[in-house]
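Enquirer: Let's see this in three dimensions:
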Amino acid sequence: MAYIFLEAEAFTEHGGWVMDCISMQQMGSAYLMAHGTGIPVADAITEFEIPQDGKYFLYVRTRDWTAVWKKGTPAGRFQVQIDGTYDVTEFGTNGENWAWQKGGVFPLNAGKHTIALHDLTGFNGRCDAIYISDDPNDIPPDTPEALEKFRKERNGIEIQDVEKEYDLVVAGGGIAGIVTALAAARLGLKAVCIQDRPVPGGCNSSEIRVPLGGLTHIGPYPNIGNTVREIAPIYLMPGAMDAECYEDQRKIRAFKVWSQEEAELRLNESVVAVEKDPVDPQVIKAVITRSTRDGSERRYKAKVFSDCTGDGVVAFAAGASWLYGSEGKEVFNETLTLPQGSTREVMGLSVLWTSAEENTEQPFPDIDWGIDFTEETCYYRTSGDWETETGQYRDQANECEYIRDYSLMTTFCNWSYLKNHSAKKAEYANRRINWISSCGGKRESRRFIGDYIMTQQDLEEVRQHPDGTACITWSIDLHYPEPENVRRFSEPFRSCAYHRWLTDAVPVPYRCLYSKDIKNLFLGGRIVSMSHVAFSAVRVMRTLGMLGEVVAMAAKICRDHNVYPREVWTGHQDEFKQLMREGINTPEQFHCFCGKNTERKESYHFKETGHLVYRESAPKEYGLPEQIQQDILQLKRHHLLPETGK
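Expert: You can find the predicted model right below:
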């Protein structure tokens with residue numbers, strides 16, 4: 001039997017298709033998605049090699065993402081082309097669940113061949129993998145456990161150990177994650193940041209385009225915030241802007257400049273498993289990652305770990321205690337809780353989008369899938385920002401693909417109505433959607449429990465805990481489904497916000513930054529130990545970045561004294577406070593200094609020899625080699641010699 005298993009995300013050329021790993025934790029793999037805003041995207045192409053001549057049967061793992069709304073033509077249709085010949089099957093028409101859709105039969109000779117994914121719609125068709133076999137009974141499985149085993153067997157995947165043992169492994173490469181890893185490296189730790197996307201920055205990346213919120217360098221430790229400032233984009237105001245405003249490459253380059261040890265950034269890797277100490281199950285020994293490009297797996301070992309994944313992937317897998325939803329008043333006695341008691345309602349995910357006015361008419365498909373809009377229910381909008389919000393009543397960790405898709409669907413359906421049927425369609429005739437996020441930005445998911453849970457009372461009473469660290473400066477900022485949107489539709493896709501300003505900056509207790517259950521696990525980013533109400537104020541990215549700096553300082557103490565996070569405060573608080581007072585050093589600026597109250601200094605600079613420096617306080621005899629003296633004379637700057645004594 002001859003076969004080939006091709007991961008779509010491993011294609012050598014993605015064309016206009018984008019890698020999507022939003023469902024990595026549910027389906028065990030990333031996939032390619034034809035994200036074209038109604039215009040078919042360029043083909044994704046790769047080569048494969050067949051070991052022997054034969055007739056080969058084609059299977060494509062895909063789904064009809066709009067089938068869940070049970071209306072119209074499947075939106076994400078595409079074809080497969082082998083060596084220039086199209087299979088007649090339209091893929092992406094096989095129902096709402098991920099499954100293998102059978103294609104045709106191709107006679108193939110032994111040797112290399114070319115395969116392409118050819119988008120037909122521009123509406124987010126998706127392909128996870130392709131399987132080709134000369135055995136008609138060799139049908140790949142669909143159940144998650146069987147499919148994962150099948151993938152590994154067919155692709156020969158085994159876990160590869162990363163040779164280095166790190167002082168700190170950071171899972172998640174949003175602002176909190178990259179700041180934590182960079183700050184740790186600046187402190188001399190061996191640190192690595194593992195990010196499942198092709199760029200770092202999370203919600204502040206060009207993929208999502210949310211600005212940084214909150215203030216740095218404030219409160220009892222005004223030097224906290226140096227690393228946040230180091231990687232923060234220059235553009236800082238709300239509203240999605242062009243991709244370059246988010247400076248993805250600047251964040252990547254930060255990992256390549258000065259640090260006492262080495263700051264590593266591993267892109268396109270997702271944590272899929274945790275290994276615990278067999279002697280002490282409250283200790284993590286390693287995390288297992290899977291490449292979102294080719295499915296390969298690696299094992300990373302460390303003394304301590306920080307979970308900045310947003311959903312708490314590491315913490316959840318390790319068995320740490322967590323909270324989800326909105327607590328009722330009976331839980332923390334907060335006044336801003338829902339009157340009906342605890343619910344699973346959370347703040348949702350936003351898929352930002354923009355449009356542009358062109359000089360000519362810009363058609364948009366009159367789509368028949370999704371949900372219907374009318375003049376009474378449509379939204380006359382030319383962009384979507386924070387108010388475009390979905391998944392408030394769903395599981396943000398496990399229903400993430402649906403939540404993102406619901407936002408895409410409602411945006412496209414509303415836009416189609418505006419362009420093709422609305423009373424103001426003439427006003428929209430020349431306007432096109434010029435960008436829409438392919439993944440969206442989450443606000444809230446699981447929150448994990450530390451030794452202390454911060455609440456509304458901490459914020460409004462400005463409580464000064466002895467283990468206070470970096471400060472919350474954002475308002476209490478709670479999002480709710482927009483009431484009018486709820487009345488119009490069966491599931492909301494817009495939000496409104498309630499703000500209550502704080503009277504002062506509020507330090508976050510260190511006890512909120514590590515798990516109460518897992519001894520060597522720090523909590524970072526959106527999973528820190530907060531009530532739903534308190535979380536609404538801490539969740540902005542500058543604040544979470546500063547807390548990442550604090551975690552890096554604590555990780556240094558863990559390494560230096562061979563202790564776990566809890567013991568940093570109980571046994572080494574003076575050293576911890578001193579680190580927070582000093583802040584994180586950032587790479588030195590390149591300069592030729594001129595300043596007040598400095599002694600006169602001058603030098604000759606020869607590239608190979610280096611700087612030959614004269615100071616007033618230093619002896620004037622340098623014993624320069626004769627050739628160097630002659631070189632200086634060759635400069636014809638004889639008047640300098642009496643000044644320096646050279």
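Enquirer: Residue 185 - nearest residue in space that isn't next to it in sequence?
Expert: For residue 185, ignoring the flanking residues on the chain, the nearest one in space by C-beta to C-beta, 6 or more residues apart in numbering is residue 263 at 3.4 Å. For the C-beta atoms, the positions are set from N, CA and C on the backbone; glycine is no exception.
Enquirer: any idea how far residue 108 is from the one you found?
Expert: Noted for residue 263: a distance of 46 Å to residue 108, by C-beta to C-beta, to the nearest Å.
Enquirer: Comparing these two, which shows the higher neighbour count?
Expert: Taking neighbours as other C-beta atoms under 10 Å, residue 263 and residue 108 compare with residue 263 leading, 23 against 20.
Enquirer: Might you report the residue contacts of that one?
Expert: Contacts here follow C-beta atoms under 8 Å, 6 or more residues apart in numbering; on that basis residue 263 touches 181, 182, 184, 185, 186, 191, 193, 254, 255.
Enquirer: Apply 7 Å and report the result again.
Expert: The neighbours of residue 263, taking C-beta atoms under 7 Å, 6 or more residues apart in numbering as the test, are 181, 182, 185, 191, 255.
Enquirer: Residue 464 too?
Expert: Contact analysis of residue 464 by C-beta under 7 Å, 6+ apart lists residue 507.
Enquirer: Spell out which helix or strand contains it, please.
Expert: Assigning secondary structure by DSSP states H and E places residue 464 outside every helix and strand.
Enquirer: Next one, pLDDT for residue 427 please.
Expert: Residue 427 is assigned a predicted lDDT (pLDDT) of 98.
Enquirer: what residue ranges in the stretch 201-350 of the chain score low on pLDDT?
Expert: Residue ranges of the stretch 201-350 of the chain with pLDDT under 70: 258-261.
Enquirer: sorry, back to before: let's see if you can find the most crowded of the contacts of residue 263.
Expert: Counting neighbours by other C-beta under 10 Å, the top entry in the contacts of residue 263 is residue 181, with 37 neighbours.
Enquirer: Without its sequence neighbours, what residue ends up closest to residue 228?
Expert: Taking C-beta to C-beta, 6+ apart, and ignoring the residues beside it in sequence, residue 228 has residue 545 as its nearest neighbour in space, at 3.9 Å.
Enquirer: so residue 627 sits in a helix?
Expert: Yes: following the definition DSSP: H, G, I helix; E, B strand; the rest coil, residue 627 is counted among the residues of a helix.
Enquirer: what's the next secondary structure element after the helix or strand the residue nearest to residue 228 falls within?
Expert: In the assignment (DSSP H and E), residue 545 maps to helix 541-561. Along the chain past helix 541-561, the next helix or strand (assigned with DSSP H and E) turns out to be helix 565-582.
Enquirer: what's the residue nearest the centre of the chain in contact with, if anything?
Expert: When the chain is reduced to its mean C-alpha position, the closest residue under C-alpha atoms, centre = their mean turns out to be residue 202, at 3.1 Å. Residue 202 sits next to 173, 174, 175, 208 when contact means C-beta under 7 Å, 6+ apart.
Enquirer: Can you report how many residues neighbour the first one?
Expert: With neighbours defined by other C-beta under 10 Å, the count for residue 173 comes to 28.
Enquirer: Before we move on, what's the pLDDT of it?
Expert: In this model, residue 173 is scored at 98, pLDDT.
Enquirer: got the contact list for the residue nearest to it when sequence neighbours are not counted?
Expert: The shortest distance from residue 173 to any non-neighbouring residue, by C-beta to C-beta, 6+ apart, is to residue 195 (2.6 Å). Under the criterion of C-beta under 7 Å, 6+ apart, the contact list for residue 195 reads 172, 173, 177, 265, 266, 267.
Enquirer: Let's see that with 10 Å instead.
Expert: The neighbourhood of residue 195, defined by C-beta atoms under 10 Å, 6 or more residues apart in numbering, consists of 170-174, 177-178, 181, 201-202, 205, 265-270, 292, 308-309.
Enquirer: Mind checking which of those residues land in strands?
Expert: With DSSP state E as the criterion, strands contain 170, 171, 265, 266, 269, 270 from among the contacts of residue 195.
Enquirer: can you pick the most crowded of these?
Expert: The member of the ones in strands among the contacts of residue 195 that has the most neighbours, counting by other C-beta under 10 Å, is residue 170 with 37 neighbours.
Enquirer: Which residue is the nearest non-sequential neighbour of residue 419?
Expert: Distances taken as C-beta to C-beta, 6+ apart put residue 364 closest to residue 419, at 4.3 Å, once the chain neighbours are dropped.
Enquirer: What number of residues are in the vicinity of that neighbour?
Expert: Here the count is done by other C-beta under 10 Å, and residue 364 has 20 residues near it.
Enquirer: again with the one 10 residues further on
Expert: Other residues near residue 374 number 10, with proximity taken as other C-beta under 10 Å.
Enquirer: ok, now residue 502?
Expert: Residues lying near residue 502 (other C-beta under 10 Å) number 16.
Enquirer: Please determine how far it is located from residue 83.
Expert: 64 Å.
Enquirer: before we move on, what about residue 579?
Expert: Applying C-beta to C-beta to residue 579 and residue 83 gives a distance of 61 Å.
Enquirer: Bridged to residue 481, which residues?
Expert: Using DSSP bridges, the bridge partners assigned to residue 481 are residue 495.
Enquirer: Counting neighbours, go ahead and name the busier of residue 579 and residue 83.
Expert: Looking at residue 579 and residue 83 with other C-beta under 10 Å, you find the greater number of neighbours at residue 579, namely 23 against 12.
Enquirer: got the contact list for the more buried one?
Expert: Residues counted as contacts of residue 579 (C-beta under 10 Å, 6+ apart) are 187, 221, 223-224, 549-550, 552-554, 556-557, 568, 572.
Enquirer: let's go with 7 Å and repeat that
Expert: With contacts defined as C-beta under 7 Å, 6+ apart, the neighbours of residue 579 are 553, 556.
Enquirer: Where does the prediction get shaky in the stretch 51-200 of the chain?
Expert: Nowhere does the stretch 51-200 of the chain drop to pLDDT under 70.
Enquirer: Would you state the strands of it in chain order?
Expert: Assigned by DSSP state E, counting those that start in this stretch, the stretch 51-200 of the chain shows strands spanning 54-62, 78-82, 85-86, 99-108, 111-119, 123-133, 159-171, 191-194.
Enquirer: and of these, who's closest to residue 298?
Expert: For the strands of the stretch 51-200 of the chain, the distance to residue 298 is smallest for strand 159-171, at 5.3 Å, taking C-beta to C-beta.
Enquirer: Please work out the angle formed by the directions of that closest one and helix 541-561.
Expert: In this structure, strand 159-171 runs at an angle of 120 degrees to helix 541-561, with axes from the mean of the first three to the mean of the last three C-alpha atoms, to 10 degrees as the basis.
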